[in-house]
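# Sequence first, then the predicted structure:
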Amino acid sequence: MTTPPPGLRERKKQATREALREAALRLAVQHGPDQVRVEDIAEAAGVSPRTYNNYFASREQAIVSAVTADREARIAAAVTARPAGARLADVVTEAVVEQYANTGEHERHVLLLITTRTSLRDAFLDTTTGIEPPLTAAIAERLGDDGAHTARVLAASVAAAVRIALEGWLQPAGNAGAAEGFGAGGLVVPSGSLPDQLRAALAPLAPAFDAAERRTVP
């Protein structure tokens, strides 16, 4: 099924969201994230603070969105685009790894900001919940009409696994493995390979994906 192009209203909303992301990142780089107010971001983007609140709940969300923008939809689209005969567990894993690990210079710059601010790290981790709705739809499409409930469970499990992988990757220096130290602030040194962390976190879900596929085979 071909998705119709977005209407004028949707295009305007997307343009506003992008303007807010860009303004938030620019101001955070110029002044430091802690010195940026929601009012400053709204003014720089040419909208009111009230309009800002329709798009983001905090300055941290807007800043982090500069690196996570539309990632959830891209993961779901990648799953949908894979050949129907491909193993679903592999399809989902590679889609997640591709979207999280293949970052450009712009994204790496934002990640550097994230690793130095506890509030930004928390906002970055919270974005993993956004994986669930579009991925549920993509998995359900592959499983068929009887797989809607299973698709939701699998997508929620993927979101949880991605968060666990990111938590393991973003560990405060000197506190690796100490869960109580994760949010304590200080420098974060990414630990090991992010693709490897993601694959390791998603691997336990493979039997559940395989079982779901077997149940849908005629």
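Nice, I can see it.
# could you measure Ser193 against Arg50, distance?
According to Cβ to Cβ, to the nearest Å, Ser193 and Arg50 sit 43 Å apart. C-beta here means a position set from N, CA and C on the backbone, and glycine is covered the same way.
# more neighbours, the two?
Using other Cβ atoms under 10 Å, the more surrounded residue of Ser193 and Arg50 is Ser193, with 12 against 8.
# after the helix or strand bottoming out on mean pLDDT in the chain, next one along is what?
When each helix and strand of the chain is scored by mean pLDDT, DSSP states H and E, strand 188-190 comes last, with a mean of 58. Under the assignment DSSP states H and E, the closest C-terminal helix or strand after strand 188-190 is helix 194-202.
# Point out the other helices and strands that that following helix packs with.
If you count contacts as 3 or more Cβ pairs under 8 Å, 6 or more residues apart in numbering; DSSP states H and E, helix 194-202 packs onto helix 88-101, helix 148-169.
# wait, what's in contact with the residue nearest to Arg71 when sequence neighbours are not counted?
In space, and not counting its chain neighbours, Arg71 is closest to Gln99: 5.2 Å by Cβ to Cβ, 6 or more residues apart in numbering. Counting by Cβ atoms under 8 Å, 6 or more residues apart in numbering, Gln99 makes contact with Arg71, Arg74, Ile75, Ala78.
# can you list these in a markdown table and add pLDDT?
Listed next are the contacts of Gln99 as a markdown table, based on pLDDT from 0 to 100:
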| residue | pLDDT |
| --- | --- |
| Arg71 | 89 |
| Arg74 | 93 |
| Ile75 | 95 |
| Ala78 | 95 |
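# On the three-state scheme, Ala86 is what?
coil (DSSP: H, G, I helix; E, B strand; the rest coil).
# what about it, distance to Arg142?
The value you get for Ala86 to Arg142, if Cβ to Cβ is used, is 9 Å.
# quick one: which of these two has more around it?
Legend: neighbour count by other Cβ under 10 Å for Ala86 and Arg142, higher for Arg142 (20 against 12).
# What values do phi and psi take at the more buried one?
With angles defined as degrees, to the nearest 10, Arg142 sits at phi -80, psi -30.
# List the contacts of the nearest residue to it once chain neighbours are set aside.
What sits nearest to Arg142 in space, not counting adjacent residues and going by Cβ to Cβ, 6+ apart, is Leu88, at 6.0 Å. Residues counted as contacts of Leu88 (Cβ under 8 Å, 6+ apart) are Ile139, Arg142, Leu143, Phe209, Asp210, Ala212, Glu213.
# thought the fifth one was touching Arg87?
Read it as Asp210. Yes. Here Asp210 reaches Arg87: they are 7.4 Å apart, a contact under Cβ atoms under 8 Å.
# Any regions of the chain where pLDDT drops low?
Applying pLDDT under 70 to the chain flags residues 1-6, 103-107, 172-191, 217-218.
# In PyMOL, how would I select just the buried ones from the contacts of Leu88?
Selection of buried members from the contacts of Leu88 for PyMOL, criterion 16 or more other Cβ atoms under 10 Å:
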select buried, resi 139+142+143+209+212+213
